[in-house]
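In: could you look at this predicted model? Sequence included:
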Amino acid sequence: MSSSRPPSITTSSRPYHDHAPITPSTLRQSRTVSSSSMSDDTPGHSAGPSTRHEPSADGTTETTSLLHDHHAHDGPCDHGTFSPRVSSPPLRGGVFDAEIGSVADSDGSGSVPSSDTLLKGNWKKTFSSRVKSKKMTDSSTLAQQHGVQDSWGMYLSYYVPFLIWIKQYKWSWLKGDFTAAITIASMYLPMALSYADNLAHVPPINGLYAFAINPFVYALLGSCPLMVVGPEAAGSLLIGSIVKNSIDLGRGEDDNAVLQAKVAGVAVGIAGATVFFMGVFRLGFLDSVLSRPFLRGFISAIGVVIFIDQLIPVLGLHRTAKTTEGVTHGSTVQKLEFVLTHLGDRHNLTAVVGVVGFVVIMVLREIKRRLQPRYPGVAYFPDRLLVVVLSAVLAGNLDWEQRGVPVLGKVEAASGHTFTFRNPFQLSHMTHIRDAMGTSFLIGMLGFFESSVAAKSLGGEEIIEGMQLSPNRELVALGAANLVGACFMAIPAFGGYGRSKVNKSTGGKSPMSSVMLSIITVICIMFLLPWFYYLPKPILSALIMAVAWSLIEEAPHDISFFIRIKGWTELSLMAVILAVTVFFSLNLGIAIGIGLSLLQVIRHATRPRIQILGRIPNSERFANAEDHPEDLEFVEGCLIVKIPEPLTFANTGELKNRLRRLELYGTGNAHPALPRLRPQASNKNVIFDIHGVTSMDGSGTQVLEEIVRNYRDRGVRVFFSRPVSRDNKVWDLLERSGIVELVGGRHRFVDDVKDALRMTEVEDFEETGACAVASDNLS
């Protein structure tokens, strides 16, 4: 009697499309149902073609049916329905809990006292159990199991790392920490003055505040012992753009130092609050959102902007720039055009001082770089401090100020009092808060990304036991440091790799070097400010140009790498950010760069990664049929689909279309204009391998329910293999949504793909047998 099955696809004739593997799978049609499993009503019926193979050592051959009877013991099985069978897979839910319950009851008490009963009468433990998070509660249980003392001090030390490293501090570290602090101060305090005066457009003392306050706060809360926070060129430049924008909007004049410091404090406060609350809400994973090409393109663009900006004071064109319309607040291209067309208007002595200073700084930097591998002690040489001190001495003795060379002048706070406390979030600052909101958010994000890179580069060595690098705690520490700094109108300060590397190479062992750096800076502010009077501004600009050059010189390596791997998308992103920043503005370049990066992330996240599986010949293993279709066998009458990821609203939007393509063409790479290439009969059974579906949200569950319902309405049988355990939230969603009921019950959820194929054989055989009986009755 003929079978109602679709015809087998053989290797001799390959209809439909070339994607079909050369040899069809024998997982279904090559295995025959054993006679013991057949009903007496259907004698001699065969479930499909069979091919003979040599038996294996255990008696199993390729002709052994998937429904082959396994005897649980020797001799005949005459126990009826309850005859012993081969052992079943372990149950998915409830069994382990039941075993625990049975063990608990084995002492004869019959019950286990509840946690409320145990805690009754001890209000401290009761309060502790109420306020602890689930992770802390689980940790407490784990600590008790291993005999470890569990206390609030342990958790407090985790969130305030100062309590960890101060207990382990050794006097032998003091020399290294002090040396590192002195070295960093000599190299970077002049840079702080430059950043504040030339980039942020605030009083120079506000740059020193960033080294007096922020490193100290970070030393208390930061999780990276060797990282030193301080002002950076990018953040200072963004503060300067906010100050310039405030002036352009008519909020004040160029010479209003109090207003400029106030605006800077508001912007830094918003940036600090943004980063702080990102840490509180555990958004540390965001350091992976923006791509490496974005960061490299943005940092290179900042380097170009800073370098061209500083050409004006280095060449002595600052007076001409102030009287030329559209230069001071113009784009980078406008400033470059101004420099090239007004070289004849330069101040000669200023230009000589600035250019010579830049050349000396770069030469000394290169000498240190080449000598340091052979002579590590070269790292201690304060080359920048030497240039600054020598230029200040020459400026004072040769009377450069009277000869037209601009000097830093009197360094003092805008309010006239050092360390004046001012709340950046008071209502009178609401206008400035609205103006600075967008750019301040970018300052916080960029500072966190740069700090994250530095922390990951330095946090590999566990110098202090128990201090573990944590992105969320880093956010809290950086945010708190900038919030405190904003109250004193400091410019933004975040972690920097170069500065932290100097700290490590010059003997720094612990956060005490940051504490000492803050102390040294406070001493400078209190007693040494008059010594800064004769610092030539061209030298300070030359220092910034050297930093800008270091930002640019890293780009060629990344560009050559992406060219080598043909990463045209990454190169295009870098080029767009650079071009927009140079030709238009820094803020627009940042906005477009972040937008393009987020589009890439969204595109990647929303693309379904489902795969059609094929059988590896002579095995019961399955692989992606789209990689090497010629090496795999398809399974007759079955579409096996692997879902290797959690189902969320993001990646289920195109799931139906992707699945439809697999049905029609057997691949997701076919153009939808093609006619059907895969026969309808090949989709009689759909098996979902959901081992990777470890979580689902409501939208993903709804889409999956609609897919299953559509299949059932079309008469397609649906099976699920390798589902999660039944005490998992995913299983609860499958039951509540009705998916379990739609497919036909829990028995349609099996432990492996081969078990699902076994069930398809059973149901195919039952349908074929029923059709045969009906045909005999009609005849």
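Out: Cool, got the structure.
In: please count neighbours and contacts with C-alpha atoms only from this point.
Out: OK.
In: how about Ser223, nearest residue that isn't a chain neighbour?
Out: Counting by C-alpha to C-alpha, 6 or more residues apart in numbering, the nearest residue to Ser223 once its immediate chain neighbours are dropped is Leu469, at 5.1 Å.
In: confirm the one you found sits in a strand?
Out: No. Checked against DSSP: H, G, I helix; E, B strand; the rest coil, Leu469 lies outside a strand; its state is coil.
In: quick one, what contacts it?
Out: By C-alpha atoms under 8 Å, 6 or more residues apart in numbering, the contact list for Leu469 reads Ser223, Cys224, Ala455, Lys456, Gly459.
In: closest one of the residues you listed to Ala180?
Out: Ala180 lies nearest to Cys224 out of the contacts of Leu469, by C-alpha to C-alpha, at 15.9 Å.
In: mind giving me the packing neighbours of whichever helix in the chain runs longest?
Out: Criterion DSSP state H: the longest helix present in the chain is helix 430-458. With contacts taken as 3 or more C-alpha pairs under 8 Å, 6 or more residues apart in numbering; DSSP states H and E, helix 430-458 sits against helix 233-248, helix 257-280, helix 471-486, strand 493-495, helix 497-505.
In: please identify the most buried of the ones you listed.
Out: Comparing the helices and strands packed on helix 430-458 by mean neighbour count (mean count of other C-alpha atoms under 10 Å), strand 493-495 comes out on top with a mean of 30.
In: now that strand: mean pLDDT?
Out: The pLDDT scores in strand 493-495 average 94.
In: over to stretch 249-266?
Out: Regarding stretch 249-266, the rounded mean pLDDT is 86.
In: span of it from start to end?
Out: With C-alpha to C-alpha, to the nearest Å as the measure, stretch 249-266 spans 16 Å from end to end.
In: swap in stretch 163-180?
Out: Span of stretch 163-180 from end to end, C-alpha to C-alpha: 22 Å.
In: give me the contact list for that stretch.
Out: Residues from elsewhere that reach stretch 163-180 (C-alpha under 8 Å, 6+ apart): 157-158, 464, 466-467, 502-504, 506-513, 516.
In: my guess is Ile612 contacts Asp627. True?
Out: No. Counting by C-alpha atoms under 8 Å, Asp627 is not a contact partner of Ile612; they are 10.0 Å apart.
In: neighbour count winner among these two?
Out: Comparing Ile612 with Asp627 by other C-alpha atoms under 10 Å, the one with more neighbours is Ile612, at 25 against 13.
In: the closest residue to the more buried one other than its chain neighbours: what secondary structure?
Out: Once flanking residues are discounted, Ile612 sits nearest to Val641: 4.7 Å by C-alpha to C-alpha, 6+ apart. Under three-state DSSP, the three-state class of Val641 is strand.
In: show the average pLDDT along stretch 697-710.
Out: Rounded mean pLDDT across stretch 697-710 is 92.
In: kindly report the same for stretch 726-736.
Out: Computed over stretch 726-736, the average pLDDT equals 91.
In: and it, what's buried?
Out: Val730, Trp731, Leu733, Leu734, Glu735 (16 or more other C-alpha atoms under 10 Å).
In: most neighbours, which of the contacts of Leu469?
Out: Cys224 (31 neighbours).
In: could you tell me the model confidence score at that one?
Out: What the model reports for Cys224 is a pLDDT of 90.
In: quick one: residues contacting it.
Out: Ala455, Leu458, Gly459, Met467, Gln468, Leu469.
In: okay if I get those residues as JSON lines plus distance to Glu366?
Out: Formatted as JSON lines, the contacts of Cys224 follow (distance: C-alpha to C-alpha, whole Å):
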{"residue": "Ala455", "distance to Glu366": "25"}
{"residue": "Leu458", "distance to Glu366": "23"}
{"residue": "Gly459", "distance to Glu366": "27"}
{"residue": "Met467", "distance to Glu366": "35"}
{"residue": "Gln468", "distance to Glu366": "35"}
{"residue": "Leu469", "distance to Glu366": "33"}
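In: how about CSV for those residues, with pLDDT and distance to Gly377 added?
Out: Shown next, in CSV, are the contacts of Cys224 (pLDDT from 0 to 100; distance: C-alpha to C-alpha, whole Å):
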residue, pLDDT, distance to Gly377
Ala455, 82, 24
Leu458, 72, 20
Gly459, 56, 23
Met467, 82, 29
Gln468, 82, 30
Leu469, 84, 29
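In: so which of these is the closest to His671?
Out: Of all the contacts of Cys224, Ala455 has the smallest distance to His671: 46.4 Å, by C-alpha to C-alpha.
In: need the residues touching each of Ile612 and Asp627.
Out: Common contact partners of Ile612 and Asp627 (C-alpha under 8 Å, 6+ apart): none.
In: Phe527: neighbour count?
Out: Residues contacting Phe527 under the criterion other C-alpha under 10 Å number 10.
In: the residue lying closest to Ile433 once chain neighbours are set aside: what's it in contact with?
Out: Leaving out its chain neighbours, the residue that sits closest to Ile433 by C-alpha to C-alpha, 6+ apart is Val266, at 6.3 Å. Contacts for Val266 (C-alpha under 8 Å, 6+ apart) come out as Pro424, Phe425, His429, His432, Ile433, Ala436, Ala486, Met489.
In: same check on Ser236?
Out: The contact partners of Ser236, by C-alpha under 8 Å, 6+ apart, come to Tyr195, Ala196, Leu199, Ala200, Ile491, Pro492.
In: check contacts around the second one.
Out: Which is Ala196. Val202, Pro203, Pro204, Ile205, Asn206, Gly207, Ser236, Ile491 are the contacts of Ala196 under C-alpha under 8 Å, 6+ apart.
In: wasn't the first one part of a strand?
Out: It refers to Val202. No. Using three-state DSSP, the secondary structure at Val202 is coil, not a strand.
In: on that earlier part again, now the buried members of the contacts of stretch 163-180.
Out: Applying 16+ other C-alpha under 10 Å to the contacts of stretch 163-180, the neighbour count classes 157-158, 464, 467, 502-504, 506-513, 516 as buried.
In: just send the contacts of Val266 back as a markdown table, with pLDDT and distance to His557 too.
Out: Listed next are the contacts of Val266 as a markdown table, based on pLDDT from 0 to 100; distance: C-alpha to C-alpha, whole Å:
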| residue | pLDDT | distance to His557 |
| --- | --- | --- |
| Pro424 | 92 | 41 |
| Phe425 | 91 | 43 |
| His429 | 85 | 44 |
| His432 | 90 | 40 |
| Ile433 | 91 | 39 |
| Ala436 | 91 | 35 |
| Ala486 | 96 | 37 |
| Met489 | 94 | 38 |
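In: how many other residues sit next to the closest residue to Val601 other than its chain neighbours?
Out: Spatial nearest neighbour of Val601, excluding adjacent residues (C-alpha to C-alpha, 6+ apart): Val289 at 7.2 Å. Neighbours of Val289 under the rule other C-alpha under 10 Å: 13.
In: go on, the one 3 residues further on?
Out: Applying other C-alpha under 10 Å, we find 14 other residues in the vicinity of Arg292.
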